[in-house]
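A.B. asks: I'd like to go over a predicted model; first the sequence, then the structure.
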Amino acid sequence: MNRSIGIGTASLAALALLVVTARQATTQVGGSLPAFVKLQATTPGTAQTGHSNITGTAIAGQHAGGGSGLTGVNADLLDGINSTSFLQSIPNPLVLSGTSGGWIISGQNASTANGSMGIFGVSTAATGNTYGGHFSSASTDGWGVWGWASASTGTTFGMVGLSNSSSGTGVFGRASSLGGVSYGGRFESDSTLGHGVFGRASASTGTNYGARFEAASTSGRGVFGYAIANSGTTYGGYFQSDSTGGRAVLGWATAGSGATHGGSFESASTSGRGVYGLASASNGATYGVFGLTTSPDGRGVFGSANSGFGGTNGVRGESNSPDGRGVLGFASASNGTNYGVRGQSDSPNGYGVYSVGAFGASGTKTFRIDHPSNPENMYLLHYSTESPEPMNFYSGVTVTDAQGVAWIQLPNYFGEINKDFRYTLTVVDDTDSDIFVQAKVAREIRDNRFKIRTSAPRVKVSWRIEAVRNDRWVQEYGAPIEVEKVGREMGRYQHPELYGKPASMGMNYDPKRPVAGENSVARP
């Protein structure tokens, strides 16, 4: 049966049943049955028991009982409750409608008391797919849940989700449509200091999530954070984890194929960052950004600057520490041909690796090409010549004239970048003659040229000039030979294994990184 209650002066019998629970008159006849009709207002009066059969109108100060036929009753006289205060105690508007599933409350439900709830829903069942509150909208522009914290000050929350279950979810957002641009969860903030999303996993242990969202759509977003303010320190998404083993953000693309992204971040600002990672702890082996892949063909971190012009950077690493590394690359496998850092440029004028400033190596500096005799299976290696001085050299072959003289012209910049010249001359005689010819430097380098004289005419001479670098860089910074270790490198080795020392004595030792020979992969 459909039940409806309109709050007013008409048809108040059902409302009387709600507010008067088995209200009975106190005067009885014979001490057994309740008095339905009280005839006398004052004593002496006789309480009578019986039935009233009245075809007219019964007027009394108070009526009690089923009252299915009562009409035009003064609401102020119902159980002594004033109708005005009674109605004001009910949130406005309030509509109660009966269904086969119980009562439905619709309209506005407000709470003005400190610490109270506008709506509080609780499902006490310990099992089953229950809902503390269930909200839905069938409108194409509707909201299943719309939370609004309208206070202009204080730490307010438009919506708070909480779960005490060890496997529960405080907030679960799901876009179940298989098509369209859907959102498992979408949050925005218009404040210049606001947060589109603030997720926090406050448990100090365990695998917890500051926020976890899913989207089943082929073009959906598990999480879409959008900070639309055009000024201020805004966050499209802000996540935090206080756990020693937690993740503020964990992005995971579980598909076994395709160009998937564990996390995809973008910035349209001319000075923005697609990804900005900050490890704010002042000590410990922390990571601003940590990239890891377990695929044999994967990339731990891949940076791509796809603009066709401008001074872009695929990857840029910086360090402000006096002991820091702008980029530290480490290939931990103890065998195979691996690369700590590998740079490549496809431009004929580009550089695979270019160092602005000093360039150093603790091992050999190698020139490597495919072996000309077996290019598919072998490399050919040539090594750089080392010297305690920064040196330039120039070489060539000349033939003296009829007077045994030859002038050697050096580059026009030679004198500007070199000093302390060293000469080497070698006479070349392909006839294997018994006559020995001498060669000498007849005039040293002046005006970027020097003179050779031989003891016989038309003699072939191989020559080489070596000089100490004297360009602007060397003039400014010098070329030290013996230097002391400083900072965290003091007391450590570049290659501790060569001195019989443990890996912890290495200058780049990282306790989270496995030493040579270990098969495990270090993880943050």
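C.D. replies: Nice, thanks for sending it over. Numbering: from 1, shown residues only.
A.B. asks: show the end-to-end separation of stretch 399-407, please.
C.D. replies: 10 Å (CA to CA, to the nearest Å).
A.B. asks: where does pLDDT dip in the protein?
C.D. replies: The model of the chain has pLDDT under 70 over residues 1-52, 54, 56-113, 115-118, 184, 194-197, 211, 213, 215, 512-524.
A.B. asks: run through the helices of it in chain order.
C.D. replies: Taking DSSP state H as the test, the helices found in the chain are 13-19, 83-88, 414-417, 472-477.
A.B. asks: residues near residue 398, how many?
C.D. replies: 16 (other CB atoms under 10 Å). For the C-beta atoms, the positions are set from N, CA and C on the backbone; glycine is no exception.
A.B. asks: show me what it is bridged to.
C.D. replies: Counting by DSSP bridges, residue 398 is bridged to residue 461.
A.B. asks: correct me, but it touches residue 451?
C.D. replies: No: using CB atoms under 8 Å, residue 398 is not in contact with residue 451; the gap is 10.8 Å.
A.B. asks: who touches both of those two?
C.D. replies: 406, 408 (CB atoms under 8 Å, 6 or more residues apart in numbering).
A.B. asks: contacting residues for residue 289?
C.D. replies: With CB under 8 Å, 6+ apart, residue 289 has these contacts: 275, 277, 301.
A.B. asks: OK, contacts around the last one?
C.D. replies: Read it as residue 301. 289, 291, 315.
A.B. asks: find the residue closest to the last one in space, skipping its chain neighbours.
C.D. replies: Right, the one you point to is residue 315. residue 303 (3.7 Å; CB to CB, 6 or more residues apart in numbering).
A.B. asks: return the backbone torsion pair for residue 258.
C.D. replies: phi 90, psi 160 (degrees, to the nearest 10).
A.B. asks: kindly report the same for the one 10 residues further on.
C.D. replies: Here is the backbone geometry of residue 268 (degrees, to the nearest 10): phi -90, psi 0.
A.B. asks: mind checking how far it is from residue 230?
C.D. replies: Note on residue 268: its distance to residue 230, by CB to CB, to the nearest Å, is 11 Å.
A.B. asks: now do residue 506
C.D. replies: Distance from residue 506 to residue 230, by CB to CB: 48 Å.
A.B. asks: same check, this time on residue 216
C.D. replies: 33 Å.
A.B. asks: cool, and residue 135?
C.D. replies: For residue 135 relative to residue 230 (CB to CB), the value is 32 Å.
A.B. asks: and the two? which has more neighbours close in?
C.D. replies: Counting neighbours by other CB under 10 Å for residue 135 and for residue 230 shows that residue 135 has the greater number, 11 against 8.
A.B. asks: surely the more buried one and residue 147 touch.
C.D. replies: No: if you go by CB under 8 Å, residue 135 and residue 147 don't touch, sitting 10.3 Å apart.
A.B. asks: how about the strands of the stretch 101-250 of the chain, start to end?
C.D. replies: For the stretch 101-250 of the chain, the strands defined by DSSP state E, counting those that start in this stretch occupy 102-107, 174-175, 186-189, 198-201, 214-215, 224-227, 238-241.
A.B. asks: could these go into CSV alongside mean neighbour count?
C.D. replies: Formatted as CSV, those follow (neighbours: other CB atoms under 10 Å):
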stretch, mean neighbour count
strand 102-107, 9
strand 174-175, 18
strand 186-189, 19
strand 198-201, 18
strand 214-215, 18
strand 224-227, 19
strand 238-241, 18
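A.B. asks: looking at those, which is closest to residue 253?
C.D. replies: strand 214-215 (12.2 Å; CB to CB).
A.B. asks: any idea how far apart the tips of stretch 302-321 sit?
C.D. replies: 24 Å.
A.B. asks: off-centre distance for it?
C.D. replies: Taking CA atoms, centre = their mean, to the nearest Å, one finds stretch 302-321 lying 18 Å from the centre of the chain it belongs to.
A.B. asks: what does stretch 336-350 give?
C.D. replies: With CA atoms, centre = their mean, you get 29 Å for stretch 336-350.
A.B. asks: which residues outside it are in contact with it?
C.D. replies: 327, 329, 330, 331, 351, 352, 353.
A.B. asks: and these, which two are furthest apart?
C.D. replies: 330 and 351 (22.0 Å).
A.B. asks: list the buried residues for stretch 442-449?
C.D. replies: residue 445 (16 or more other CB atoms under 10 Å).
A.B. asks: can you check stretch 242-253 too?
C.D. replies: 243, 246, 248, 249.
A.B. asks: any idea how far apart the tips of it sit?
C.D. replies: With CA to CA, one end of stretch 242-253 sits 24 Å from the other.
A.B. asks: can we start the residue count at 285 from this point?
C.D. replies: Will do, 285 is the new start, and the previous item becomes stretch 526-537.
A.B. asks: chain center to it: distance?
C.D. replies: Relative to the chain's own centre, stretch 526-537 is displaced by 9 Å; criterion: CA atoms, centre = their mean.
A.B. asks: what do you get for stretch 669-678?
C.D. replies: The answer for stretch 669-678 is 48 Å, by CA atoms, centre = their mean.
A.B. asks: and it, C-alpha only, in CSV?
C.D. replies: C-alpha atoms of stretch 669-678 as CSV (Å, rounded to 0.1, in the frame of the first residue of the first chain):
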residue,chain,number,x,y,z
THR,A,669,97.5,8.4,-25.5
GLU,A,670,97.7,9.7,-21.9
SER,A,671,99.9,12.6,-20.7
PRO,A,672,100.3,14.6,-17.5
GLU,A,673,99.8,17.7,-19.6
PRO,A,674,97.0,18.7,-21.9
MET,A,675,98.7,18.4,-25.3
ASN,A,676,97.9,19.2,-29.0
PHE,A,677,99.9,17.7,-31.8
TYR,A,678,100.2,18.4,-35.5
